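> Fold the following, please.
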Amino acid sequence: MKIILTNDDGIDAPGLDTLNRCVKQLGDIIIVAPQKAQSGIAHRVTTRNPICINQLEPNRHSVDGTPADCARIALKVIAPDADWLISGINPGANLGSDVYNSGTVAAARETAILGYPAIAISQYIAKDQEVDWAVTGHHAGVVLKMLLGRELAPGHFWNVNLPHPIQKDSKLAYQFCGLDTHPHKYEYRKNGDDLFYTGTIHERPRDPGKDVAVCFDERRIAITRVAVGTTGLE
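Down below sits the predicted model:
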C-alpha cells in the first residue's frame, strides 16, 4: 500500500512526524507537505503562479504551496499510483464548521475530489493543556489502521478528531458521527480602525451526538464521513 502524507503546518511540524511514525509500518510512505505553515488557508489552490518543489530526501518533498496544492501535486505528479492520502496530525481540532476553513481538511477533500480515498486527522487540545505527541501517535495509529482497512465510498473522506487530555493507557472508544454545524462563539474587538477576532473553541455550541460533543464531552475519537459537494452531514 502506498500512502501520501501531508498537512497544513509545514514539512517540519511535529504532527507530521508523528503521523509518519504511526503509519510507516503500514505501507510505502511519501511525504508531500507545505514548505511553511498554511493553517486556516482552507481550500486555496495555486493556478497562476509557478509552484516550487524541493526533494529533501527520498520520498520527502516540500512544496511552496497550499495543502490542496500538495494533494494535487502528490497525486498528479509524484505518486499517481497512491492508495491513500492522510493529512495531519493537526495540533487543534477540526470539527463541525472547521472543515470549511481547515487546510488539513482541504488536502483530504481535494484528494476525494480527485477520486482517491483520504483521511484528515487532528488532535483537539484542551484548555491550558499541551500535546504529548507520543501519546497522540499511539492512539492515532490504532484508529488509522482501522480506517485504512475500511471501505470508503468514492467522493468521501474521513475526518478524525482525537479528544484531549489523554494518556497512553487511556481506553479511547471511537464513534462515527455527523458534523455539528453550529458556528463558533466569537466576536470582534475594535481598536481604532482595526478589528480583532476574539473567541474560543472550548465553549463552542454543540448538539449531542455530533462530532464536537463526541470529542469534547464524551471524550471519544470522533470520526465523520464527509461527502464532497454536500453539507457533509452523514
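> how close does Gly115 sit to Phe157?
11 Å (CB to CB, to the nearest Å). C-beta here means a position set from N, CA and C on the backbone, and glycine is covered the same way.
> Which one's more surrounded, the two?
Shown here are Gly115 and Phe157; by other CB atoms under 10 Å, Phe157 has more neighbours (27 against 9).
> pLDDT of the one helix or strand that one maps to, averaged?
Element membership for Phe157, per DSSP states H and E: strand 156-162. For strand 156-162, mean pLDDT rounds to 98.
> How about residues contacting it?
For strand 156-162, the surrounding residues in contact (CB atoms under 8 Å, 6 or more residues apart in numbering) are 88, 93-95, 99, 105, 108-109, 111-112, 117-124, 136, 139-140, 143-144, 147, 152, 172, 179, 211, 215, 221-228, 234.
> Can you name the next helix or strand after that strand?
Assigned by DSSP H and E, the successor of strand 156-162 is strand 174-176.
> Point out the other helices and strands that that following strand packs with.
Other elements packing on strand 174-176 under the criterion 3 or more CB pairs under 8 Å, 6 or more residues apart in numbering; DSSP states H and E are strand 221-227.
> Partner strands of the strand it packs on and their direction?
Partners of strand 221-227 in the sheet, by DSSP bridges, are strand 156-162 (antiparallel), strand 174-176 (parallel).
> which outside residues touch the strand or helix carrying Ile119?
Counting by DSSP H and E, the element that carries Ile119 is strand 118-123. The contact list for strand 118-123 (CB under 8 Å, 6+ apart) reads 15, 19, 71, 84-95, 99, 102, 104-105, 107-109, 111-112, 131, 136, 140, 143-144, 147-148, 157-162, 164.
> Show me those that map onto strands.
84-91, 157-162 (DSSP state E).
> quick one: which two of those are the most distant?
Greatest spatial distance among these (CB to CB): Trp84 and Pro91, at 21.8 Å.
> quick one: the strand holding Phe157 to strand 84-91, angle?
30 degrees (axes from the mean of the first three to the mean of the last three CA atoms, to 10 degrees).
> still on that earlier bit, top of the ones in strands among the contacts of strand 118-123 by number of neighbours, please.
Ser87 leads the ones in strands among the contacts of strand 118-123 on contacts (other CB under 10 Å) with 36 neighbours.
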